[in-house]
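In: Sequence first, predicted coordinates after that:
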Number of protein chains: 2
Amino acid sequence: MKTVSNVINGYAHVSASTRERVEAAIAQTGYRPNLSARNLARGRSGVIALVVPRLEMPYFAALAACVVEAAEARGWFVLIHQSDGALETELAALEARFPQRIDGIVLSSELLRAEHLAARADTTPLVLLGDHDTGPDVPHVGIDNHAAARLAIGHLAEIGCRRIALIGAAPGAQRHRRNQGFRDGLREAGLDADPALMQAVRANTGVEGERAMEAILAGGDTPDGVFALTDWLAFGAIRALHRHNVAVPERTAVIGFDDIPYASSLTPSLTSIAPDRRAIAERAVALLEQQLAGVAESDPEEDRIGFELVVRESTRRG
Amino acid sequence: MKTVSNVINGYAHVSASTRERVEAAIAQTGYRPNLSARNLARGRSGVIALVVPRLEMPYFAALAACVVEAAEARGWFVLIHQSDGALETELAALEARFPQRIDGIVLSSELLRAEHLAARADTTPLVLLGDHDTGPDVPHVGIDNHAAARLAIGHLAEIGCRRIALIGAAPGAQRHRRNQGFRDGLREAGLDADPALMQAVRANTGVEGERAMEAILAGGDTPDGVFALTDWLAFGAIRALHRHNVAVPERTAVIGFDDIPYASSLTPSLTSIAPDRRAIAERAVALLEQQLAGVAESDPEEDRIGFELVVRESTRRG
DNA sequence: CTGAAAGCGCTTACAG
DNA sequence: CTGAAAGCGCTTACAG
């Protein structure tokens, strides 16, 4: 009956006594609504998709856990898809080409550009995560990567680094804002960007970080600071530095990005930028719900999530 | 109509021409079945629960990704829950106390004992993962932890280790089989188990691994080999060894367990036991489906999953 | 081998 | 403020 439905869904216009009677009956019988029936009646699938590069990356695993929780609170299940950083897969997600119907998409993209988003035909509610500039049309939740990168460089400069290397994606490409923050951070510290100390990578893996660091060291010039665009890249960079007998942090300080759980278990433990993942997930799911309800109030203020610098051994000198 | 349903669900007794016509129509209209309606009609929720200690642990993240894939192939969504290694949460999962109805449970348990399973009242299909002996009543999917631990010790003995330390849970407790494998492996190598070289931990984290290694070294006796029951513990152990200026692997070789993605990015890269996670997930979901269908053919042969030893720098000498 | 009908458990106008 | 009825899109006996 309508009344019971009103009580369960928390609508008004139910007398207190009736509400109590209904709630007592629910408690007594241990009733749990059948989500399939509810979704069928509501015309929703009850499922949102979360697309991340790889779930094995602790950053995305942690993020996924937060998204699962936030979605569950709204009666959604999360279908986790891995893109492996393939543009084709990201484009498929953009057009909601999933085996099931989907109420919304949270897409942590690596490769998508503004032109891909402009060409989007599908209308499924969509929220983007990640460090890239994709224009104002699609809601984008994340930290201020530019400011975070500047903070990282400022920290290195403060502990005395003068020749700071960058390990990460190609300038102007995906990791645009962190790249730009690196350059601006150097400028603010009165330092120069040296192309010989900047190395692109093909993937955010330890192996690539190691290769990039090797390439920089092969130039004959040992930097006294390294900014890696992700923690995993930093791990690899430290491997290369060790092999060349470069002491970390004494000779070369290293800072990463993401603050993955293992950052504190390494030798040395890793200084890193820690985004507020829980807030990112919560906001992303809330935005999906707003889009579904038609209230598209994109609030840049709310979409900008907090972060902090966590200082550990890899930049602790003296 | 019944015929269309037969085609979609792959049942027999449909003429080839009719089948073709139906399939053509499906392809043309881009039809995708509504899972809510299907599940409602079938009396399923369409959701299975996966309970792991923490999704941030790369081993469980990788496992979760495999489970999600295997489940999706059978029309299931996966509700991921984190137990934080709390017995209370594991018991709640055992009794299917989830916010939603659940078709089945895959429970990667840390603390559950045979007595808890014997006392189970709920009848939701259940599959256990993990290293513990819980009796034959509940299907249990996993590698032969005893054999894997013996293999690890055999490897250490082979490269010349004579005094091998153990870092992990208390003997007789959760990690029972790996513990037992450690002891039997020592015996097979003609070595003795020294209580002074065995340290329990309160959690499978780097901090705990570090603390345990410190405690062993504080005994004044430096082992020439360390078997850590998980990779994360091994990371911490290596931190402690570094601090005491013990060279890894030259003075002390270290082997972990799980082969998490970062094992190859560390300094030194970590030797580890690699379970076939994909096979574990596939088998677990298949067992759930069998239980739901009432064909309870628990095949110990099938439930025993393969693994391998991956040798890396932390045990490579000379 | 195939069609017509009922039912899965909800929600939502619609009356009252 | 609350009850009776229809409908969401499937599946499944049931006839034929």
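Out: In hand now; what should we look at? Numbering: from 1, shown residues only, chains lettered A, B, ... in the order given.
In: The closest residue to chain B within the stretch 51-200 of chain A sits in which helix or strand?
Out: As assessed by CB to the nearest CB, chain B sits closest to residue A:61 within the stretch 51-200 of chain A, at 3.7 Å. All C-beta atoms are positioned from the backbone trio N, CA, C, and that covers glycine. Using DSSP states H and E, residue A:61 falls within helix A:58-72.
In: now that helix: how far from the chain's centre is it?
Out: Distance of helix A:58-72 from the chain centroid (CA atoms, centre = their mean, to the nearest Å) equals 10 Å.
In: and what of stretch A:157-177?
Out: With CA atoms, centre = their mean, you get 19 Å for stretch A:157-177.
In: all helices of the stretch 151-300 of chain A, in order?
Out: If DSSP state H, counting those that start in this stretch is used as the criterion, the helices of the stretch 151-300 of chain A fall at A:176-188, A:206-218, A:231-243, A:277-293, A:300-303.
In: ok, now which ones touch the residue nearest the centre of chain A?
Out: Residue closest to the mean C-alpha point of chain A, counted by CA atoms, centre = their mean, is residue A:130 at 5.1 Å. Listed by CB atoms under 8 Å, 6 or more residues apart in numbering or on different chains, the contact set of residue A:130 reads A:108-110, A:142.
In: Restricted to helices, list these.
Out: The members of the contacts of residue A:130 all map outside helices under DSSP state H.
In: List buried residues within those.
Out: A:108-110, A:142 (16 or more other CB atoms under 10 Å in any protein chain shown).
In: Of those, which pair is most distant in space?
Out: A:110 and A:142 (13.1 Å; CB to CB).
In: low-confidence ranges in chain A?
Out: Along chain A, segments meeting pLDDT under 70 span A:1-3, A:6, A:8-14, A:170-175, A:296-298.
In: can you give me the strands for it?
Out: A:47-52, A:77-82, A:104-108, A:126-129, A:140-143, A:164-167, A:198-199, A:225-228, A:253-255, A:272-275, A:304-305, A:307-310 (DSSP state E).
In: could I get those as CSV with distance to DNA strand C?
Out: Formatted as CSV, the strands of chain A follow (distance: least, CB to the nearest atom of the strand, whole Å):
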stretch, distance to DNA strand C
strand A:47-52, 16
strand A:77-82, 16
strand A:104-108, 17
strand A:126-129, 23
strand A:140-143, 27
strand A:164-167, 51
strand A:198-199, 54
strand A:225-228, 48
strand A:253-255, 49
strand A:272-275, 35
strand A:304-305, 31
strand A:307-310, 38
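In: circling back: just put the helices of the stretch 151-300 of chain A in JSON lines and tack on distance to residue B:123 and mean neighbour count.
Out: Compiled in JSON lines, the helices of the stretch 151-300 of chain A are given as follows (distance: least, CB to CB, whole Å; neighbours: other CB atoms under 10 Å in any protein chain shown):
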{"stretch": "helix A:176-188", "distance to residue B:123": "52", "mean neighbour count": "20"}
{"stretch": "helix A:206-218", "distance to residue B:123": "45", "mean neighbour count": "21"}
{"stretch": "helix A:231-243", "distance to residue B:123": "43", "mean neighbour count": "26"}
{"stretch": "helix A:277-293", "distance to residue B:123": "33", "mean neighbour count": "20"}
{"stretch": "helix A:300-303", "distance to residue B:123": "45", "mean neighbour count": "11"}
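In: How about residue A:65: what's its closest non-neighbour residue?
Out: Of all residues not flanking residue A:65 in the chain, residue B:55 sits nearest, at 4.1 Å (CB to CB, 6 or more residues apart in numbering or on different chains).
In: how about the one you found, phi and psi?
Out: phi -70, psi -20 (degrees, to the nearest 10).
In: Please name the residues that touch it.
Out: A:61-62, A:64-65, B:61, B:64, B:80, B:82.
In: what domains does the record give for chain A?
Out: As assigned by automatic domain parsing, chain A contains the domains A:2-32, A:44-142+A:276-303, A:145-275+A:309-315.
In: of all the ones you listed, which lies closest to residue B:276?
Out: domain A:44-142+A:276-303 (15.0 Å).
In: That closest one spans what distance, first to last residue?
Out: 25 Å (CA to CA, to the nearest Å).
In: what's the closest of the contacts of residue B:55 to DNA strand D?
Out: Within the contacts of residue B:55, proximity to DNA strand D (CB to the nearest atom of the strand) peaks at residue B:80, which comes in at 25.6 Å.
In: thinking again about what came up before, what does the helix holding residue A:61 contact?
Out: So helix A:58-72 is in contact with A:48, A:50, A:52-55, A:77-78, A:80, A:106, A:108, A:129, A:230-231, A:258, A:260-262, A:277-278, A:280-282, A:284-286, B:54-58, B:60-61, B:64, B:79-80, B:82, B:99, going by CB under 8 Å, 6+ apart.
In: ditto for stretch A:234-241
Out: Contacts of stretch A:234-241 (CB under 8 Å, 6+ apart): A:167, A:205-214, A:217, A:226, A:228, A:248, A:252, A:254-257, A:266, A:268, A:270, A:272, A:314, B:262, B:265-267, B:269.
In: go on, stretch A:254-261?
Out: A:57-59, A:62, A:148-149, A:152, A:155-156, A:178, A:225-235, A:237-238, A:241, A:248, A:263, A:270-275, A:310, A:314-315, B:56-57.
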